[in-house]
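[1] Sharing a model that was predicted from the sequence below.
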Amino acid sequence: MSDVVVPQVDPRSGYLAQKDEIDAAIAKVLDGGWYVLGREVTAFETEFAAYLRAPHAVGVASGTDAIEIALRAIGVGLGDTVITVSHTAVATVAAIERCGAQPVFVDIDPDTFTMDAPCLEVAFQSIQSCQVRMPKAVVPVHLYGQAADMTSIVEIARRFGAYVIEDCAQAHGAAQRGHRVGTLGDLAAFSFYPTKNLGAFGDGGIVVTASEDLAERLRCLREYGWRDRYISEKPGINSRLDELQAAILRVRLRKLDDDNGARRRLADLYRSALVHAEVIHPTVGRDNDHVYHQYVIRCPRRDALRANLSQRGITTGIHYPVPVHLQPAFRGRVAYQGPLEHTERAASEILSLPMFPHLSESDIRSVSAHCLDILRKPA
């Protein structure tokens, strides 16, 4: 192994970049003596909603909980179906199943890796022709840092009477047609896992909506169905964003746009440095403002490239190596509409190169040089 050591992600670098502010925010919470659903959570909900230009944001304990609570808020439950994609983190599907609903998968666009709108249209038509209960919701996943085709997806969902819940776990700050993700559907779920564009120091999530009624339902559902303390008006769960994470997120939110700008500059460097490599670079969808949560290339020799980079001290990732519908826990028991050929092919070719805001330009050049050297050699 060479002396080159480049991690695929490095959440600690984000902490060190704002260490004094974060340490002060943590100390303030510890000294204050209120640790769950207090002033920091309320302030962060307000600030995050303002950042998105959305009316309401409700903090919860994780991104998975955010999707589940959003689904429950619109009445998704036992016997319902929800259309989503199989090329996503298992969390998307786990949240659907935790509501008692059944996920139905459609294929992805091979260029953007996000939900293919024509496939969604065909799925609705097919389900309608079977004269069974229509899907109650669609969950498009804004993957790797850019939005799905929300104009088409929302229009299709509206025609068939379905809600749209955005999975924004990998797209904090991304936009489409000038509107930030999280404001394009009926509700939106964000994760603040430490490696996200906006990351906490543990789990955390938030649900965003323009509806005051839905926001009130979300607040009720996240805490046992309470409106008045200790009195459950409806079945709810315990999913509360804690004060420490909210305080950290308030600090980190101030630099989110700067960090996303750094990610774009690093992506441009990869694109130029690897222009002659045997890889396909990320495609930016029409009208999209990409924030590069991951820099995902496609390479027919993916496994060999990854192994050789690892030997040279460069860590990469595969997001995701096995589509959800082919994983042992789901194979044979989940439904999908049409072949998922693009989903399955992507899983065999995608590779996430190192990407985080504090990655240096010299690291990008080094990673690119090693990629070129490896791919120049015969298979």
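    That came in fine, so what should we check first?

[2] which parts of the biggest helix by length in the chain are buried?
    With DSSP state H applied, the helix covering the greatest number of residues in the chain is identified as helix 256-273. Of all the residues in helix 256-273, those buried under the rule 16 or more other C-beta atoms under 10 Å are 256, 259-260, 262-263, 266-267, 269-270, 273. C-beta: built from backbone N, CA, C; applies to glycine.

[3] What helices and strands are in contact with whatever helix or strand comes next after it?
    Along the chain past helix 256-273, the next helix or strand (assigned with DSSP states H and E) turns out to be strand 288-289. For strand 288-289, the elements it packs on are strand 175-176, judged by 3 or more C-beta pairs under 8 Å, 6 or more residues apart in numbering; DSSP states H and E.

[4] Direction included, what does the strand it packs on pair against?
    Using DSSP bridges, the strands paired with strand 175-176 in its sheet are strand 179-180 (antiparallel), strand 288-289 (antiparallel).

[5] So for that strand, mean pLDDT?
    In this model, strand 175-176 has an average pLDDT of 98.

[6] re earlier: so which of the strands paired with strand 175-176 is the most packed in?
    strand 288-289 (a mean of 22; mean count of other C-beta atoms under 10 Å).

[7] mean confidence score for that strand?
    With pLDDT averaged residue by residue, strand 288-289 scores 98.

[8] who's in contact with the helix or strand following it?
    Once the chain leaves strand 288-289, the next helix or strand it forms, by DSSP H and E, is strand 295-298. Applying C-beta atoms under 8 Å, 6 or more residues apart in numbering, the external contacts of strand 295-298 come out as 113, 144, 266-267, 270, 274, 279-282, 319, 346, 349-355.

[9] need the next SSE after strand 295-298, C-terminal direction.
    For strand 295-298, the succeeding helix or strand toward the C-terminus, using DSSP H and E, is helix 302-311.

[10] residues making contact with that next one?
    So helix 302-311 is contacted by 1, 299, 315-316, 318, 348-351, 367, 370-371, 374-375, 379 (C-beta under 8 Å, 6+ apart).

[11] One more: stretch 315-322?
    6-9, 87-89, 144, 294, 296, 302, 306, 309-310, 347, 350-354.

[12] Give me the buried subset of these.
    The neighbour-count test (16+ other C-beta under 10 Å) marks 6-9, 87-89, 144, 294, 296, 302, 306, 309, 347, 350-354 as buried among those.

[13] These in helices, which ones?
    Filtering the buried ones among the contacts of stretch 315-322 for membership in helices, criterion DSSP H, returns 302, 306, 309, 347.

[14] What is the nearest of those to residue 98?
    Checking those against residue 98 with C-beta to C-beta, the nearest one is residue 347 at 24.2 Å.

[15] now the closest one, nearest residue through space, not along the chain?
    The spatially closest residue to residue 347, leaving aside those adjacent along the chain, is residue 323, at 5.5 Å (C-beta to C-beta, 6 or more residues apart in numbering).

[16] Point out where this protein drops to low pLDDT.
    Scanning the chain for pLDDT under 70 picks out the ranges 1-4, 379.

[17] One more pass at 50, please.
    For the chain, the stretches with pLDDT under 50 are 1.

[18] Now do the domain split for it, please.
    Using automatic domain parsing, the domain parsing of the chain gives 13-253, 256-376.

[19] if you compare these, which one is most tucked away?
    Of all the domains of the chain, domain 13-253 has the most neighbours on average by mean count of other C-beta under 10 Å, namely a mean of 20.

[20] Pull up the distance across it, start to finish.
    In terms of C-alpha to C-alpha, to the nearest Å, the two terminal residues of domain 13-253 are separated by 15 Å.

[21] cool, stretch 138-149 as well?
    Between the opening and closing residues of stretch 138-149 lies a distance of 13 Å (C-alpha to C-alpha).
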